[in-house]
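**Q** sequence and computational prediction follow.
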Amino acid sequence: MTTMPITRALARLAPVGLAELVDRAALQTRVDRKYLVPTEALPRLLDQLSPYAKALDIDGERTFRYESVYFDTPRLASYYCAAYRRRRRFKVRTRTYLDSGECWLEVKISGARGSITKHRLPYHSRDCGTVHPGRDFVDEALGRESIGPETASSLDPVLVTDYHRATLLLPGTLSRVTIDTELSWRDADSTLRLPHLAVVETKTASAATPVDRMLWQRGLRPARISKYATGLAALRHDLPDVPWRRTLRRHFRGVASSVDPTPTMSHRPEQEASCV
C-alpha cells in the first residue's frame, strides 16, 4: 500500500493532540475489536467518519512508524496460551515509536469477557531487544494477576512487527480507533509483508463504536488476529494455528515472504506449554 490515499483522507479529519487523546480515551482496560480491511477501502471509510472522528496530529504528522518486539519463554508459553484459547493469557513486548525514539516495555493481560489490561514501563530504545532491565516490572505485573511463566523462565525475543499507525479519537463514545498499514512480521528466518491489508482496531470500554457499525454494514466482522500469535503462526507452519486458521487462509497464506535473517533471534523448541 502507499500511504498517500490514507494520508489525504486523514488530513480531512479534525485534529486532536496526544494529551487530549490520552485524557479522553486512555482505556488501559478495554474491549478490542479487530478487522482486516483492504487498504483501498480506507479513504472512503475515513470520509464517512469525519462527523464522528478526530485524527491524532503530532507536529503536522498523522501516521507514525511502530516497531514491536515480542518476547516468549523457551516453550512459547505466551503463544500456546493464545493457540489453545486460554481465557487468561499474556503478552510481553517492547514498543518503539520510531519517529520519536520513545520506547515502552509492555505487559498485556487478557481476562474475562475479552477485557485487556495493559501495564507499561518507560524503556530505553537501546534495550528494545531484551526484557532484562525491566524483568522485575514484568514479573510484578504477571504475578499481580497470577498469570505467566514460571519465575525462572527466560523471556527472549521471538518476533518483530513493523507497521504505520494512524489513531482516531471518537469523542462521542470516548473510544479510539487505530489503523495499521504496511504491516510486516519477521522472525529468525523470514519476513512476511501484507501491503494491501490494514488492521482496523476499535478500542472501547464495551459498546460498539460508529466504526464498528460502519464496518458491519459493509459485511466486515471482527477477525481473529493477534499481531504476535497470528504473525508467528504465519511464519512457522509447524505451530498449532486453529484460532487463526480462517484468517491465515484468507489473508496470509500464499503471500510471498522474503528471507531476512535476524541473527539476534533464535527458534524455540516446539513444545506445549502451560500458561498459568
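**A** Here it is on my side, so go on. Predicted, not measured: the structure shown is a model, and the values here were computed from it.
**Q** ok, which stretches of the stretch 101-250 of the chain are helices?
**A** Secondary structure of the stretch 101-250 of the chain (DSSP state H, counting those that start in this stretch): helices at 135-144, 210-217, 229-235, 245-247.
**Q** any idea which of these is most buried?
**A** helix 229-235 (a mean of 24; mean count of other CB atoms under 10 Å). Bear in mind the C-beta positions are built from the backbone N, C-alpha and C, glycine included.
**Q** which residues touch that one?
**A** Identification of contacts with helix 229-235 by CB atoms under 8 Å, 6 or more residues apart in numbering yields 70, 79, 82-83, 158-159, 161, 185-187, 189-190, 192, 224, 239-241, 243-244, 247-248, 252-253, 257.
**Q** in strands only, show me the residues you listed.
**A** Applying DSSP state E to the contacts of helix 229-235, the entries found in strands are Y70, V158, L159, T161, W185, R186, S190, L192, S257.
**Q** what's the pLDDT at the last one?
**A** At S257 the predicted local confidence, pLDDT, stands at 45.
**Q** spatially central residue in this structure, please.
**A** The residue lying closest to the centre of the chain (CA atoms, centre = their mean) is K227, at 5.0 Å.
**Q** about what we covered before: least trustworthy position among the ones in strands among the contacts of helix 229-235, going by pLDDT?
**A** Among the ones in strands among the contacts of helix 229-235, S257 has the lowest pLDDT, at 45.
**Q** of all the helices of the stretch 101-250 of the chain, which one comes closest to W104?
**A** helix 135-144 (10.7 Å; CB to CB).
**Q** what's the local residue count around V158?
**A** 25 (other CB atoms under 10 Å).
**Q** skipping its backbone neighbours, what lies nearest it in space?
**A** Using CB to CB, 6 or more residues apart in numbering and skipping residues adjacent in sequence, the residue nearest V158 is D72, 4.6 Å away.
**Q** quick check: the gap between that neighbour and T209.
**A** 32 Å (CB to CB, to the nearest Å).
**Q** rewinding a little: including mean pLDDT and distance to P171, could the helices of the stretch 101-250 of the chain go into TSV?
**A** Listed next are those as TSV, based on pLDDT from 0 to 100; distance: least, CB to CB, whole Å:
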stretch	mean pLDDT	distance to P171
helix 135-144	91	31
helix 210-217	92	11
helix 229-235	95	31
helix 245-247	92	31
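**Q** of the ones you listed, which is nearest A11?
**A** That would be helix 210-217 among those, by CB to CB, at 18.5 Å.
**Q** show me what that closest one is in contact with.
**A** Applying CB under 8 Å, 6+ apart, the external contacts of helix 210-217 come out as 33, 35, 37, 45, 48-49, 52-53, 168, 170, 172-173, 177, 200, 202, 221.
**Q** hey, C-alpha coordinates of that helix in PDB?
**A** These are the backbone C-alpha positions of helix 210-217, laid out as PDB (Å, rounded to 0.1, in the frame of the first residue of the first chain):
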ATOM      1  CA  PRO A 210     -19.600   4.100  14.900                       C
ATOM      2  CA  VAL A 211     -16.600   2.500  13.200                       C
ATOM      3  CA  ASP A 212     -17.800  -1.000  14.200                       C
ATOM      4  CA  ARG A 213     -21.300  -0.300  12.800                       C
ATOM      5  CA  MET A 214     -19.900   1.100   9.500                       C
ATOM      6  CA  LEU A 215     -17.800  -2.000   9.100                       C
ATOM      7  CA  TRP A 216     -20.700  -4.300   9.900                       C
ATOM      8  CA  GLN A 217     -22.800  -2.500   7.300                       C
END
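**Q** thanks again, I'm all set now.
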